[in-house]
Structures are given as C-alpha cells and as structure tokens.
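Asks: need coordinates for the below:
(2 chains)
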Amino acid sequence: MDQVKDVIELTIPAKAQYVGVVRLTVSGIASRLGFHYDDIEDIKLAVAEACTNVVDHAYKEVECAGGINVHFRIFEDRLEIVVKDEGRSFDIRAVKERSGPIENHLPFTSIRERGLGLHLMETLMDQVDIHGGNGVVVTLTKFMQRDEVERNVDSPAKTESHR
Amino acid sequence: MNVSIEEQTRTDQATTLVVSGEVDAFTAPQLKEKLMPLCKENHEVCLDLSQVEYMDSTGLGVLIGAFKQLRSQGGRLILKGMSPRLKRLMQITGLTEIMDIEDGA
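Replies: Alright, predicted model coming up:
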C-alpha cells in the first residue's frame, strides 16, 4: 500500500528563469493524479518556493551555480515532491524561527520582504520536511482527498473493478 | 511565464498600474523596477492585480517593499482586483491585516 508507484525526475539549473518549468511540471503531474484546482495551485506555489530558496541561497558562495534536482514521487494516496541541491547548507532552526506570517503589531518599517516562503510551504502542504547536510533536501507532501484517489484511474485495483 | 506592467492612469498624486501574467522569482525584479520609482514619486499608487495569474512570495516581497516605501512618505499603496487565490496568500502571510485591499478591478 505504501509503496511508491511512479517517480518522475527533473533537474534544472539553479536559476530563477527555470523555476517556472518545475511549476508547469508539477501542475501537470498533480492534475494527472486528479488533485483539485486549489490543491494544484497550492502544490505549484509550495514547490516554487522550495526551488526559489535554492536559487536565492544554495549557491551563493560557490562560483558556478549548480542544479536543483526534483523528484516527484507518486503514491496511492499522496504526492511527494523532493527538492534537492548540493549547495551551501544553512541553519534550519534559525530559518524556522524566523518563519511565520507578518505580525501587524510591529512598526511597518520592520516588516520583512523575504522569508515568507517557508511559512507558505508549511501552510499550503500537508507535510514539510527539511534536512540539511551536504546541501538541503526539502520534502513536500500533499495527500489526495478520497474522491481524488478514486479519480486516479491509473490504480490497478480500479482498472480491475471496471471489468 | 511572463509579466506585463501597464500604466493606466496618472495624475499629479496617484498612479494606477495594471499587472498581468505571472509574478515569480524571475519576473518580480521587472515589477520592482517599474514600481519602486513610482512609489518614490507618488503619494498614492494603485495596483490592479485582476490579471495576475500567479504570484509567489517573491511577488509579495515586491508589494511589501512598495508598501514600506509609500508609508515612509506618508503615502498609500492600494491593491485591487485580487483573485480568491491571491487573497488567500495575503491572508496566510498576514498581509491582509496591513495592506489596503479594494474589491473589484
């Protein structure tokens, strides 16, 4: 039951102009799986945020920018997207502490312009795991709702029941 | 995967910009380049976002930058025509609480 059914892999240069390609790809995969419109938009945005973080941070101190490797792992009941880079690791705890919505009791001059990405990922996805080390691995998970699982007609059990 | 920014109306004090397309890490700098000088010159800047198909945190960052610039001069940034999607992002990030949002385009 909890086995990965299919894996799609995509590697892009860590440049802003290619993040849109990952967005289009995940949108295609999620709609193929039968996710609803709002879920597809949530997934697109979360994946884009993860990739944009790599573009902004991972290869800052390295001479040539590396790649972003994205695995789309399709399960019976969920889609898992694993975003990997081989760039600079960062202090995950510090980033998590900074993450959160804008606080409106603070003076407007202290409102930050960046750092909303992780908060958006955590709000829009069902699970977000971040592991550091040699580069950073972000795993984003979105579960299908029951009727979405039923619409995922690739399932062998479903095919048989039609016969 | 492009953005376009058109100036709609301009008076002495206020300018309206119509933003359309996708605002992401690649296109947000174009929006920033167009928007920030206007924020410095104007008292009131209105952004019509009704034709924005996609915006992520980099786009929200540009809106925050514009908001801060105008506020520091005692001015105002007005956002109008936001899709339910965009409204939801503003809600999640807490921006609904601080920004001037008008319904309709």
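Asks: for chain B, which strand is longest?
Replies: If you go by DSSP state E, chain B has its longest strand at strand B:44-55.
Asks: show residues contacting it.
Replies: Applying CB atoms under 8 Å, 6 or more residues apart in numbering or on different chains, the contact partners of strand B:44-55 are A:23, A:44-45, B:8, B:13-24, B:35, B:38-39, B:59, B:63, B:66, B:70, B:75-83, B:86, B:89, B:105. From N, CA and C alone the C-beta is placed, and that goes for glycine too.
Asks: mind listing what the nearest residue to A:Leu124 once chain neighbours are set aside touches?
Replies: Nearest residue to A:Leu124 in three dimensions, chain neighbours excluded: A:Asp42, at 4.0 Å (CB to CB, 6 or more residues apart in numbering or on different chains). Going by CB under 8 Å, 6+ apart, A:Asp42 touches A:124-125, A:142.
Asks: what does chain B put close to chain A?
Replies: B:1, B:22, B:24-26, B:54, B:56-58, B:60-62, B:64-65, B:67-68, B:71-72, B:85, B:89, B:92-95, B:97-98 (CB under 8 Å from any CB of the partner chain).
Asks: just to revisit the earlier point, flag every buried residue along the longest strand of chain B.
Replies: Within strand B:44-55, the residues scored as buried using 16 or more other CB atoms under 10 Å in any protein chain shown are B:44-49, B:52, B:54-55.
Asks: I'd say A:Arg23 and A:Ala46 touch.
Replies: No: using CB atoms under 8 Å, A:Arg23 is not in contact with A:Ala46, being 10.3 Å away.
Asks: can you map out the helices along the chain?
Replies: Went with chain A since none was named. Secondary structure of chain A by DSSP state H: the helices cover A:16-32, A:37-53, A:92-98, A:117-124, A:146-151, A:156-162.
Asks: please go with chain B instead
Replies: B:28-41, B:57-72, B:84-93.
Asks: dump the ones you listed into CSV; add mean neighbour count as well.
Replies: Output for the helices of chain B, formatted as CSV (neighbours: other CB atoms under 10 Å in any protein chain shown):
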stretch, mean neighbour count
helix B:28-41, 17
helix B:57-72, 22
helix B:84-93, 17
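Asks: just send the ones you listed back as JSON lines, with mean pLDDT too.
Replies: Formatted as JSON lines, those follow (pLDDT from 0 to 100):
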{"stretch": "helix B:28-41", "mean pLDDT": "94"}
{"stretch": "helix B:57-72", "mean pLDDT": "95"}
{"stretch": "helix B:84-93", "mean pLDDT": "94"}
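Asks: dump these to a markdown table, plus distance to A:Val19.
Replies: Below are the helices of chain B laid out as a markdown table (distance: least, CB to CB, whole Å):
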| stretch | distance to A:Val19 |
| --- | --- |
| helix B:28-41 | 11 |
| helix B:57-72 | 9 |
| helix B:84-93 | 17 |
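Asks: for chain A, what lies in contact range of chain B?
Replies: Residues of chain A that fall close to chain B, judged by CB under 8 Å from any CB: A:16-17, A:19-20, A:23, A:38, A:41, A:44-45, A:48-49, A:52, A:55-56, A:101-104, A:108-109, A:111-114, A:116-117, A:119-120, A:123-124.
Asks: hmm, B:Thr96 is touching B:Leu86, no?
Replies: No: judged on CB under 8 Å, B:Thr96 makes no contact with B:Leu86 at a distance of 10.6 Å.
Asks: tell me who's in contact with the residue nearest to the spatial centre of chain A.
Replies: The structure's chain A has its C-alpha centroid closest to A:Val47; by CA atoms, centre = their mean the separation is 3.1 Å. For A:Val47, the contact set (CB under 8 Å, 6+ apart) comprises A:22-23, A:26, A:70, A:81, A:83, A:140.
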